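Novice: Sequence first, then the predicted structure:
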Amino acid sequence: MTNVVNPESPLRIGAVARLTGLSPHTLRKWEDRYAAVQPARTEGGERIYSRNDLQRLMLIRNLSRAGLALRSLARASLDELQKIEQEIGEHAAEISPGGLARPVRVGVIGVSVTALLLRQDPPYPTDLEIIATGATADQLLERLGELRPDVLVYEVPGVTPATVEAVNAVRERTSVHAIIVAYSYATRDNLRLLTDQGIELMRMPVDRRELQRGAVRLGREAAGSQPADIADSEIRAPRLTPAALARAASASPQIKCECPHHIADLLHGLLAFENYSAACENANEEDAELHHYLWLITARARMTFEDALIKVAAAEGIRLDQDA
């Protein structure tokens with residue numbers, strides 16, 4: 001008899017993370033900061049997601065990757081999200097696992113940098129697109145509407161602690177990942193306030209081509225650093241049982257080669273660290289994102305070495321109780 005999963009059965013955060021490719025840390029942030037979904041809670045305080053929650057998260061994920069503002073998407077109803085998806089069609093898939101497959105979208109704040117970037121002689125490169133500009137942050141935000149830039153270029157006369165607050169306020173409202181601040185003067189301490197937050201600095205007057213290249217580079221890097229670069233959905237369960245690893249570790253190869261033993265030892269260590277990282281992710285809320293990342297890269301390494309051991313074992317005539 002085949003067991004059928006109830007499509008209405010609730011999902012815990014680990015299952016939702018694997019189905020959406022979003023880390024548990026990201027799911028919590030989308031809930032706390034944007035109210036993208038409001039999952040129910042068990043008596044013990046664990047999040048329980050409905051199938052509608054899952055559908056909302058998948059739509060918001062796809063549409064935000066297509067360039068729409070996360071904050072606006074989070075406020076939309078499920079019907080509205082589905083309508084937006086139909087309207088933009090294939091644009092929701094414009095980000096590939098290797099990074100952006102489209103021009104880097106740039107939003108610009110400031111009169112001088114806007115004039116510099118929009119000058120048509122020579123035209124700016126085809127891998128960069130200025131989607132909105134404004135003399136002030138409020139003006140840019142109004143003109144952006146539902147669009148989300150990949151990179152923000154923010155011109156300021158000088159860098160002060162108030163500048164840091166203003167830049168972070170725009171980053172929060174646009175969900176932009178990469179920011180270039182073009183400034184005229186600043187103290188080292190105030191510059192450090194920005195660089196410590198991953199903000200790139202360029203001193204005015206800035207070279208136009210340097211600014212263009214910097215924006216394109218940051219946009220590509222930001223796309224490559226997102227969860228889609230290492231997707232949870234790619235991770236499969238271990239293919240080899242502990243008994244299979246033990247058999248490979250103790251086997252006598254047909255040729256004088258210790259590779260099966262070495263690979264089996266590596267897999268033991270990878271499996272242990274994979275499980276350890278998963279346990280740390282669930283136990284420590286503050287470091288959940290880091291441990292999720294460690295779990296992902298370890299699981300991918302484990303999968304690669306499993307494939308290698310299966311291939312080597314076949315060449316050596318070693319039988320493994322392979323599960324898949």
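Specialist: Cool, the structure landed.
Novice: the bottom helix or strand of the protein by mean pLDDT?
Specialist: Sorted by mean pLDDT, DSSP states H and E, the helices and strands of the chain end with strand 95-96, the least confident at a mean of 41.
Novice: gap between Leu271 and Pro238?
Specialist: Separation of Leu271 from Pro238 (CB to CB, to the nearest Å): 7 Å. Every C-beta, even on glycine, is put in place using the N, C-alpha and C of the backbone.
Novice: likewise Tyr276?
Specialist: From Tyr276 to Pro238 the distance is 15 Å (CB to CB).
Novice: and Leu201, helix, strand or coil?
Specialist: Using DSSP: H, G, I helix; E, B strand; the rest coil, the structure places Leu201 in strand.
Novice: residues contacting the spatially closest residue to Ser64 that is not a sequence neighbour?
Specialist: Taking CB to CB, 6 or more residues apart in numbering, and ignoring the residues beside it in sequence, Ser64 has Leu70 as its nearest neighbour in space, at 4.9 Å. Taking CB atoms under 8 Å, 6 or more residues apart in numbering as the criterion, Leu70 is in contact with Trp30, Tyr34, Ala36, Ile60, Ser64, Arg148, Ser175.
Novice: domains in the protein, as residue ranges please.
Specialist: Split into domains by automatic domain parsing, the chain comes to 11-93, 99-225, 234-316.
Novice: returning to that earlier point: go through the contacts of Leu70 and flag which are in helices.
Specialist: Trp30, Tyr34, Ile60, Ser64 (DSSP state H).
Novice: between Tyr276 and Pro238, which one's more packed in?
Specialist: Pro238 (18 against 14; other CB atoms under 10 Å).
Novice: Please name the bridge partners of Tyr183.
Specialist: Legend: beta-bridge partners of Tyr183 under DSSP bridges are Val156, Arg203.
Novice: Verify the stated contact: it with Pro205.
Specialist: No - taking contacts as CB atoms under 8 Å, Tyr183 lies outside contact range of Pro205: 11.1 Å.
Novice: circling back: adding pLDDT and neighbour count as columns, could you present the contacts of Leu70 in CSV?
Specialist: What follows is these, written out as CSV (pLDDT from 0 to 100; neighbours: other CB atoms under 10 Å):
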residue, pLDDT, neighbour count
Trp30, 86, 21
Tyr34, 83, 16
Ala36, 89, 23
Ile60, 87, 22
Ser64, 75, 22
Arg148, 76, 24
Ser175, 72, 18
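Novice: Redo those residues as JSON lines? Include distance to Ile297.
Specialist: Output for the contacts of Leu70, formatted as JSON lines (distance: CB to CB, whole Å):
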{"residue": "Trp30", "distance to Ile297": "23"}
{"residue": "Tyr34", "distance to Ile297": "27"}
{"residue": "Ala36", "distance to Ile297": "26"}
{"residue": "Ile60", "distance to Ile297": "25"}
{"residue": "Ser64", "distance to Ile297": "23"}
{"residue": "Arg148", "distance to Ile297": "27"}
{"residue": "Ser175", "distance to Ile297": "25"}
